[in-house]
Structure formats: structure tokens, C-alpha cells
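[1] model the structure of this input:
(one chain, ligands or ions: 2)
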Amino acid sequence: MSDSHQVILEVHDMCKNFGETVALNHVDLALETGEIRGLIGENGSGKSTVSSIISGMQPATSGTMTYKGKPWKPATVLDGLENGIGMIVQEAGTLGNITVAENLFLGDYKRFKRFGMIDRKAMNREAQKAMDRIGLQDIHPSWPVRRLDMQSRKLLELARIMNHDPEILIIDETTTALGQSGREILYSVMHRAAEEGKTVMIISHDLDEMMEHCDTLTVLRDGVIIDNLKREQFEPGLIKKLMVGREIQDNYYRTDQDGYDEKDVVLKADTITTMKDLLCFSLELHRGEILGIGGLSDCGMHTLGHALFGLEKVLDGEVKLVDKGITVKSSEQAFSCGMGYISKDRDNESLEQNASIRANIASTGYKVNRGIGCLISGRKEDNYVKKQIRDLSIKCRDQHQLVKELSGGNKQKVVFGKWIAYDADILIMDCPTRGVDIGVKSAMYQLIYQMKKAGKSIVMISEEMPELMGMSDRLLIMKDGEVNGEFFRRDGFHEHEIIECMI
Ligand SMILES: Nc1ncnc2c1ncn2[C@@H]1O[C@H](COP(=O)(O)OP(=O)(O)OP(=O)(O)O)[C@@H](O)[C@H]1O
Ligand SMILES: [Mg+2]
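    Ligands and ions are numbered 1, 2, ... in the order given. Here you go, the predicted structure:
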């Protein structure tokens, strides 16, 4: 943190209501130059709301802001960005059907206009420079963004914002979309900005990450600022208590050594090859096993998840449901054979944003919720949905609220809930606890463990090492589309050995 700090932005007495929901309740906040500020709190505590008001995405219900000593009331995100405040949003912030360069200069094409036409060569050249500036490699400016993985899309947002050289950079729950290499890019951009006297505000549920990178932590609970902690006051127990309002347990992973039947294979990937990432890849999943899959972001583990559930075309080899003697050809077939899949990309692959929580969760339950004839029993469906809302503490008005109105972590709970409710025999989970706060994470781990105990089989793909080591029976580390190491819970997991296998 640089030596001379000045307040650059102040939020005074801000409130934000959505109908009866009070998202922000008389919030006061002051950000300083040269600092990295962390904003931390449970799902639905108001972190994205306050950030989005500062950056111009939506107005407050009441209250005022001051930026560089003057009243601040941005009309749009572009207005915010042009005046030096840029935000990487929690949800997807790029458009898939236009190119990388077009995304980078969205709303700003006119600078490349020559004789009434866009000078694409010049635009691509500038795009390359913007990506080089943050160290984003191996992406061509002319590619359509839909070809990129989630990490690259998020880093593109970062490149776009950094190209405006912002005074205040806001990063909302971005790290969970990134692998290790992406995180390093993000951290180095953050620290460089702070050293130059700029202000960074980051939101994350990863307490270790926040304690490592932030100078100050602001804790929000139910739309109220509970405390601002300086670095020397950082202490995990205290921070958690401030967030949740009560003491919470530290050990939320399983502690047992229960194994699984090594002879009872339920799912088999037999030398599968996909268009990208996987070449003659094999694995076996056993009944009652939690199989962890880890690696660096480009190791192919997310493609593997897709391929196992029939979402990625398998060009050679096969994914086989051993009990049923069936080769998985499509996600519809996988689903009807009792498989489930929690996607990392919840916005595009797992949720119907414009539908209610009920419709989303109940979408997996039409077979079990049938009443007389083919009709759905409203009562059964009600129980199916309400149990998930209760077990996962989904913060909502009621089950009829639209998913798009929920906070990021609460959306993730809806995805998780819909698959837990389905009671799949085989569940493929890609980053299942993405963006979920510590309290509910612990509930999710218990549910995963209960599934195992009930004889279900789980593939857990994750970027989070503690979660992989905490939950897996067996852990496969992938590198360049291949298994580079296999570790067993019964032998104990050693982090340095596992990480060595990744790089
Ligand atoms: N457009 C909206 N309509 C209705 N309610 C909303 C809307 N946007 C946010 N809310 C509500 O405001 C509250 C605060 O949400 P916010 O997104 O700020 O939480 P958050 O702290 O960012 O949580 P998370 O960690 O899950 O991202 C939540 O109760 C949420 O449901
Ligand atoms: Mg949020």
C-alpha cells in the first residue's frame, strides 16, 4: 500500500430496496487511493449491490456518493468507466457472438472508424496491445468469444477495463471463475494498480485469498456494514463471526477414512478423445466414491466434465454406464439414466434466469413428482423445492421469485439444489461451491458426503485445493489432457506432491 492515502470515493447513508427486500441499509463507505479493499459477507449481504451502484449499473434508492471531491451519480456503466471506475461483474460480462476485439472495444468502435468503415486491422492491433498489457496470451483478437473458456472470458473483461486505466477497479467474485494462471494475472494487475496509487475493491468468499491480498476488509451483513478491519486485525475466526453473526465451525470437510468398493465400477471413460483437450483419456468411477479432479485451468478437466455428461462430442472411445451397459451419447440420455451435472458456467448452462426458483429446481423432478396419471402433483413438487430452499438457506422472497433476481451465490445454491433433489446415481460437479459463502459451503459438503454414504458416485472437478483434499476418496490430477498423478485419501493427501503434479 502506498504511503499517502486520500479518500477517493465516499458512499453516504446509502439504501437500496428491491420491493420489500432491503439490499442496502444506510451504508457508509470510504475508499482510499493506493489500497486494496476487500468486501466480504454472506451470500445476499449486498456486496454486488453496493459495487454496482458505485460503478453505474443501477441507482441507489437513497443516499449520495462523492468521487474525487465531487458528487458522483453515474448514469450508466460506460459513464462510470469513462470517469475512471471499472467493474468486473460477478456474472458473465462478455458477449459470445462477437469477436474478442469487438468485446474489448464495446461501445467505443468509433475510434476505429475510417471512411465510414471500421478499420479491423487497427482494432485487432489495439486489442492485442490491451491483452499484452495484462499478460493475457494465446487468444486471437478475431476469435469469437464463445470459443473461449470461462477464465479467458473473465480476463478479457479485465483487459477491457484496464485499457481505460481506471482510478477504481472493482472485482466482483471473479477468482472462482479463474484457474491458478488466471488468478496470478489478476493479483498482479491488482497490486500494480495499488502501487500506482489506484484503488482496488475485491469481493471473494475465499478468506485466505482476501487476507493475503487486501489492506482492509469491510464486512457486510444483511445490507449493513458491520466493521472495517485493518490488516493487523485480520483473524479468520473473528472475520467469520462478523460475517455470520455467530461462531462457526472450522472443520467443515469430512474427517472419515471410509473407502468404496474398488471392484464396483459404475462409470467408465474408455480412451476418449474430444475435439479439444482430451486424447485417449480413461478413468473409472466406483460406487460410493467421491473422485476429485484437479489441475491447472487448461488441463482439460472442464472438458472432461462435459464429455462424461454427454455435452461434449466424444470422437473416439466411449463413456459407459457400466451397470446399464449404455454408452452415453447425449446429456438427455445421461439425465434419463440417472446422471446429473453441475456446470461451472451456471449462467449459460445450468439456469433459466427468467424462470422462478421453483421452475428451475423442479425441472429435474418431473418423474418423482408425478401424481395421478401424467399430472404433476403440486404438493410433491412443493416439497421437492422447499426442501432445497431450506437445506441450502436459499435467500429469496419465496419459491416463485425469479432466479435472475438472486445474488450470485444464491443462484449457485439453486443449481446445486436442483441436482441434489434429483438424487442422481452419478453426479458430475464442476466447481460446485463456486461463489457460495462458508456457512452454506459446509452444508453442501455434508450433502455430498451423504450422497456418498447412500452409495452414489460423484466426480468433483474443482479449482480449490482444500475442497479437493477435504472431500475426495481419490484424486486425479490432470495435465495437458492426461492424468498426471493419482492420490488416495487412505494414504493421506500431501499438498506439495499434488501441486507438483499440476505444473
Ligand atoms: N434485481 C433484483 N431484484 C430483486 N432483488 C435483488 C435484485 N438484485 C439483488 N437483489 C437482492 O438484494 C440482496 C443483495 O444481493 P447482492 O447481489 O448484493 O448480494 P451479494 O452480497 O453480492 O451476494 P453473493 O455473495 O451471493 O454474490 C439479495 O437479497 C438479493 O436477492
Ligand atoms: Mg454478489
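[2] show me what from the protein comes close to ligand 1.
    Contacts of the chain with ligand 1, taken as CB under 6 Å from any ligand atom, map to 18, 21, 23, 41, 43-49, 90, 173, 395, 405-410, 435. Heads up, the C-betas are built off the backbone N, CA and C, glycines and all.
[3] pull out the buried members of the residues you listed.
    23, 41, 43-49, 90, 173, 395, 405-410, 435 (16 or more other CB atoms under 10 Å).
[4] filter those residues down to the ones in strands?
    Those of these mapping onto strands are residue 23, per DSSP state E.
[5] so how far is ligand 2 from the closest residue to residue 273 other than its chain neighbours?
    Using CB to CB, 6 or more residues apart in numbering and skipping the chain neighbours, the partner closest in space to residue 273 is residue 316 (4.2 Å). Distance of residue 316 to ligand 2, given as CB to the ion, to the nearest Å: 42 Å.
[6] same deal with residue 501?
    33 Å.
[7] repeat for residue 234
    22 Å.
[8] burial count for that residue?
    18 (other CB atoms under 10 Å).
[9] how about the nearest residue to it once chain neighbours are set aside, phi and psi?
    Spatial nearest neighbour of residue 234, excluding adjacent residues (CB to CB, 6+ apart): residue 211 at 4.8 Å. The phi and psi values for residue 211, taken as degrees, to the nearest 10, are phi -70, psi -30.
[10] was I right to think residue 211 contacts residue 233?
    No: judged on CB atoms under 8 Å, residue 211 makes no contact with residue 233 at a distance of 10.6 Å.
[11] among these two, which residue is more densely surrounded?
    Using other CB under 10 Å, the more surrounded residue of residue 211 and residue 233 is residue 211, with 17 against 12.
[12] on that earlier part again, quick one: which of the residues of the chain next to ligand 1 sit in helices?
    Counted as lying in helices by DSSP state H, out of the residues of the chain next to ligand 1, are 47-49, 408-410.
[13] intersect those with the contacts of ligand 2.
    48, 408 (CB under 5 Å from the ion).
[14] which residues touch the one residue in the chain that gets nearest to ligand 1?
    Proximity of the chain to ligand 1 (CB to the nearest ligand atom) peaks at residue 409, 2.8 Å away. By CB atoms under 8 Å, 6 or more residues apart in numbering, the contact set of residue 409 is 42-44, 173, 205, 435-437, 440.
[15] what parts of the chain come near ligand 2?
    Contact residues, the chain versus ligand 2 (CB under 5 Å from the ion): 48, 90, 407-408.
[16] tabulate the residues you listed (TSV), appending distance to residue 129.
    Output for the residues of the chain next to ligand 2, formatted as TSV (distance: CB to CB, whole Å):
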residue	distance to residue 129
48	31
90	27
407	36
408	31
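[17] lowest-confidence entry in these?
    Here the lowest pLDDT out of the residues of the chain next to ligand 2 sits on residue 90, with 90.
[18] give the other helices and strands that the one helix or strand residue 80 maps to contacts.
    Here residue 80 sits within helix 77-82, counting by DSSP states H and E. Secondary-structure packing of helix 77-82 (3 or more CB pairs under 8 Å, 6 or more residues apart in numbering; DSSP states H and E): helix 47-55, strand 85-88.
[19] quick one, which of these is nearest to residue 269?
    Each of the helices and strands packed on helix 77-82 has some distance to residue 269 by CB to CB; the shortest is strand 85-88, at 34.6 Å.
[20] list the contacts of residue 421.
    Counting by CB under 8 Å, 6+ apart, residue 421 has contacts 361, 364-365, 384-385, 387-388.
[21] quick one: buried residues of stretch 25-37?
    Within stretch 25-37, judged by 16+ other CB under 10 Å, the buried ones are 25, 27, 29, 31-37.
[22] I meant to write stretch 459-473 there.
    459-465, 467-473.
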